[in-house]
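Student: Sequence plus predicted model, see below.
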Amino acid sequence: MSTAKGPKPIKPLDGFSGVSDADVIIRCTAVQTAMAGNANYPNPSVDLAVLKTNIDAFVTLVAQAADGSKMIIAEKNKQRATVVDMVRMLGRYVEVASKGDMSVFQTSGFQPASTTRTTAAPLSEKVRKITYGPNTGQVKIWLRTVKDALSYTLRYAPVVNGATPTIWTEQPIGLLNVPTLITGLTPATLYAFQARAAMKDNRYTDWSDSITFTVI
C-alpha cells in the first residue's frame, strides 16, 4: 500500500554570512513587518515586538560604529548576532507553519532558499572565497590550487581613497585544505587582498587581481 506524501516543506533563506549590515537590517525588518499580525502565523516562535526592539538597537549601533570605535563595533556585532538568531528561529517556525504552501510562505517576509545546488564562482584566479573571521578584525581566506605550485603567498593592505596599495603585508601559506585566518586588521576598513604561487621551477606567478573586502 502506497503512502501519500504531503507537500515538501519550503525552507527560508536565512544565511547571513558575508551579508552587509545594511542588508541584514533590510531582510530582518521585512520579516518582522510581514509577520506582525499575520493570521497565517498566529503563534510565532519569537516575540515580534522584542525582535523590532533588537533591530532598532542594531540600526543605532551600525550608525555609531561608523566612527571606528572598537567597543561600539563589538557591541554592534553582538547585536547583529542576536537579531540573526531570532530571525532564524522564526524561519524554522515559518517552514513548518506554511505547510509547503508557497502563497502562505510568501506572506512571511522570508525569501525561499534555492533548491538548486550551485557552486559559488571564485573571486579571482587565485582567491576562491573570503568571509569574516570569528572575531573583530579578522577574515578567513580560501585560495585556489595552482598546478605544480609548492606554496603560496597572500598579501593585504588597507585601501585609502580608492587607490591601489603600495605597502603590503605578506603572509606565507602552505596548505590549502583549510582557510587562512588573517588577524590584526582594522575594523570598518576596506582591504585589498592578492595571492601568488611559488612554482616547482623556482619562479613565482604574477600577483592575482585585487579582491576587496570590508573588515568588521
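Tutor: Everything's here; your move. Numbering: from 1, shown residues only.

Student: can you give me the strands for the chain?
Tutor: Shown for the chain, the strands assigned by DSSP state E span residues 127-132, 139-143, 149-158, 169-173, 180-182, 189-199, 211-215.

Student: now the ones you listed as a markdown table including mean pLDDT?
Tutor: Converted to a markdown table, these look like this (pLDDT from 0 to 100):
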| stretch | mean pLDDT |
| --- | --- |
| strand 127-132 | 87 |
| strand 139-143 | 91 |
| strand 149-158 | 94 |
| strand 169-173 | 95 |
| strand 180-182 | 93 |
| strand 189-199 | 91 |
| strand 211-215 | 82 |
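
Student: Go through those strands and name the closest to Gln32.
Tutor: Taking CB to CB as the criterion, strand 127-132 is the member of the strands of the chain that comes nearest to Gln32, at 23.7 Å. Any C-beta I mention is one placed from the backbone N, CA and C, and that applies to glycine too.

Student: ok, that closest one: who's next to it in the sheet?
Tutor: Looking at strand 127-132 with DSSP bridges, its paired strands and their directions are strand 139-143 (antiparallel).

Student: Mean neighbour count and distance to Ile73 for the strands of the chain - can I get that in a markdown table?
Tutor: A markdown table is the format used below for those (neighbours: other CB atoms under 10 Å; distance: least, CB to CB, whole Å):
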| stretch | mean neighbour count | distance to Ile73 |
| --- | --- | --- |
| strand 127-132 | 18 | 12 |
| strand 139-143 | 20 | 14 |
| strand 149-158 | 17 | 16 |
| strand 169-173 | 13 | 21 |
| strand 180-182 | 17 | 17 |
| strand 189-199 | 19 | 11 |
| strand 211-215 | 18 | 10 |
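
Student: would TSV of those strands with distance to Val94 be doable?
Tutor: Written out in TSV, the entries for the strands of the chain read as follows (distance: least, CB to CB, whole Å):
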stretch	distance to Val94
strand 127-132	26
strand 139-143	30
strand 149-158	40
strand 169-173	41
strand 180-182	35
strand 189-199	35
strand 211-215	30
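
Student: With that, I have no additional questions.
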